[in-house]
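Engineer: what's the 3D shape of this:
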Amino acid sequence: MLHLPLVLLAALFPGGVSQDDFQGPTSFHVIQISSFANSTWAKTQGSGWLEDLQIHGWNFDSGTAIFLKPWSKGNLTDEEVKELEEIFRVYLFGFIGEVQERVSEFQMEYPFEIQGIAGCELHSGGAIVSFLRGALGGMDFLSASNNSCVPAPEGGKRAQKFCTLILQYKGICDTVEKLLLETCPKYLLSVLEAGKADLQRQVKPEAWLSSGPSPGPDHLQLVCHVSGFYPKPVWVMWMRGEQEQLGTQRGDFLPNADGTWYLRATLNVAAGEASGLTCRVKHSSLGGQDIILQWGHSISIGLIILAIIVPCLIFLPCLAIWFWRRWSYQDIQ
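Structural biologist: Below is the predicted model of the structure:
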């Protein structure tokens with residue numbers, strides 16, 4: 001089992017695999033969110049992700065997978081997809097029933113929510129590590145590895161009791177182990193190859209500056225906007241020369257409709273200290289040519305004034321000469 005990922009790598013990539021082959025996502029995981037409103041109503045949401053890119057959904061009513069990308073199946077055959085869908089259908093039906101039957105035993109009170117995440121990740125050197133974690137109401141509950149269940153400290157005796165219970169179901173444990181150690185690595189490598197063109201695309205960011213709400217008297221909030229970049233990793237920092245401004249605050253990554261990302265970085269400074277500050281953006285798509293934007297509100301205003309005054313200085317004398325010639329011509333008449 002421990003050597004299985006290396007065997008799969010050799011089979012799927014006979015020419016060998018380097019870390020450069022996977023510049024995009026390197027992990028796949030499924031997320032389960034089961035909500036229990038009362039003893040008769042429960043619903044589960046399921047989804048599949050390559051890191052932060054969702055590529056699968058789950059139709060709870062039909063018990064079938066939803067493929068969100070043309071390459072979401074990887075090299076799975078239709079028969080393999082149907083088999084996996086059946087496994088998940090049976091699992092979810094049994095999971096909901098088992099939980100509802102043991103609410104009193106585990107001293108749970110409605111409503112409550114159970115979250116689970118399971119998958120595998122490609123590490124440098126070709127090793128693939130699998131993982132499974134569960135949470136109750138957003139708090140860690142348990143984790144599983146190598147056919148063992150590890151209760152989380154936050155789960156207390158309830159988590160310990162659950163681990164003792166689940167290990168009694170050897171058939172379920174064997175199925176989970178096979179999915180994590182065989183199916184997931186095989187699928188991860190195949191979907192990375194199938195979606196390679198899409199996953200490893202490089203889209204250059206656009207950047208611009210603006211001012212945000214004033215943080216206080218005689219202070220400015222400088223805002224550096226970076227948008228339209230892919231992949232997600234990006235470095236954005238306010239600088240003074242080569243000195244990073246440690247007060248830089250980065251917001252959350254926000255998705256654009258085309259699958260690219262948006263990020264903003266802000267810096268609060270005294271109004272007199274804004275001159276000379278720059279925003280620097282580093283991204284893999286830029287080929288080492290960083291984007292550097294200089295804060296220069298006064299320069300921008302000066303350029304605007306020049307853009308208005310210079311044409312006026314040219315236009316007004318011309319207009320005066322035209323009127324003078326016209327009046328001179330009328331006087332001769």
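Engineer: need the helices for the stretch 101-250 of the chain, in chain order.
Structural biologist: Taking DSSP state H, counting those that start in this stretch, the helices of the stretch 101-250 of the chain run over residues 156-166, 170-178, 184-194, 196-199.
Engineer: quick one, which of those is packed in tightest?
Structural biologist: The highest mean neighbour count among those, using mean count of other CB atoms under 10 Å, belongs to helix 184-194: a mean of 22. Bear in mind the C-beta positions are built from the backbone N, C-alpha and C, glycine included.
Engineer: tilt between it and helix 170-178?
Structural biologist: Relative orientation of helix 184-194 and helix 170-178, computed by axes from the mean of the first three to the mean of the last three CA atoms, to 10 degrees: 30 degrees.
Engineer: and for stretch 79-99, what are the contacting residues?
Structural biologist: 32, 34, 36, 42, 44, 46, 58, 63-65, 73, 76, 114, 172, 175, 179, 183 (CB atoms under 8 Å, 6 or more residues apart in numbering).
Engineer: got it, and stretch 220-229?
Structural biologist: For stretch 220-229, the external contacting residues (CB under 8 Å, 6+ apart) are 203-215, 234, 236, 238, 256, 258, 260-271, 274, 277, 279, 281, 283, 285, 291, 293, 295.
Engineer: Return the distance of that stretch from the chain's centre.
Structural biologist: With CA atoms, centre = their mean, to the nearest Å as the basis, stretch 220-229 stands 18 Å off its chain's centre.
Engineer: With stretch 220-231 instead?
Structural biologist: Offset of stretch 220-231 from its chain centre (CA atoms, centre = their mean): 16 Å.
Engineer: So, low pLDDT: which residues of the stretch 51-200 of the chain?
Structural biologist: Scanning the stretch 51-200 of the chain for pLDDT under 70 picks out 146.
Engineer: picking up where we left off before, would a markdown table of the helices of the stretch 101-250 of the chain with distance to Gly138 be doable?
Structural biologist: Listed next are these as a markdown table, based on distance: least, CB to CB, whole Å:
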| stretch | distance to Gly138 |
| --- | --- |
| helix 156-166 | 14 |
| helix 170-178 | 23 |
| helix 184-194 | 25 |
| helix 196-199 | 30 |
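Engineer: out of the ones you listed, which comes closest to Thr248?
Structural biologist: The closest of these to Thr248 is helix 196-199. By CB to CB, the value is 29.3 Å.
Engineer: how about the CA coordinates for that closest one, as CSV?
Structural biologist: What follows is helix 196-199, C-alpha atoms only, in CSV (Å, rounded to 0.1, in the frame of the first residue of the first chain):
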residue,chain,number,x,y,z
LYS,A,196,-3.6,20.1,-17.1
ALA,A,197,-4.2,22.8,-19.7
ASP,A,198,-6.9,24.4,-17.6
LEU,A,199,-5.2,24.0,-14.2
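Engineer: got the residue ranges for the strands in the stretch 101-250 of the chain?
Structural biologist: For the stretch 101-250 of the chain, strands defined by DSSP state E, counting those that start in this stretch occupy the ranges 112-122, 128-136, 139-145, 148-151, 206-211, 219-229, 235-240, 243-244, 249-250.
Engineer: Just send the ones you listed back as JSON lines, with distance to Gly94 and mean neighbour count too.
Structural biologist: JSON lines is the format used below for those (distance: least, CB to CB, whole Å; neighbours: other CB atoms under 10 Å):
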{"stretch": "strand 112-122", "distance to Gly94": "14", "mean neighbour count": "19"}
{"stretch": "strand 128-136", "distance to Gly94": "15", "mean neighbour count": "19"}
{"stretch": "strand 139-145", "distance to Gly94": "17", "mean neighbour count": "18"}
{"stretch": "strand 148-151", "distance to Gly94": "17", "mean neighbour count": "16"}
{"stretch": "strand 206-211", "distance to Gly94": "50", "mean neighbour count": "15"}
{"stretch": "strand 219-229", "distance to Gly94": "43", "mean neighbour count": "20"}
{"stretch": "strand 235-240", "distance to Gly94": "46", "mean neighbour count": "18"}
{"stretch": "strand 243-244", "distance to Gly94": "53", "mean neighbour count": "10"}
{"stretch": "strand 249-250", "distance to Gly94": "43", "mean neighbour count": "13"}
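Engineer: Now tabulate the ones you listed in a markdown table and tack on distance to Phe28.
Structural biologist: Formatted as a markdown table, those follow (distance: least, CB to CB, whole Å):
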| stretch | distance to Phe28 |
| --- | --- |
| strand 112-122 | 5 |
| strand 128-136 | 10 |
| strand 139-145 | 17 |
| strand 148-151 | 22 |
| strand 206-211 | 30 |
| strand 219-229 | 23 |
| strand 235-240 | 26 |
| strand 243-244 | 35 |
| strand 249-250 | 27 |
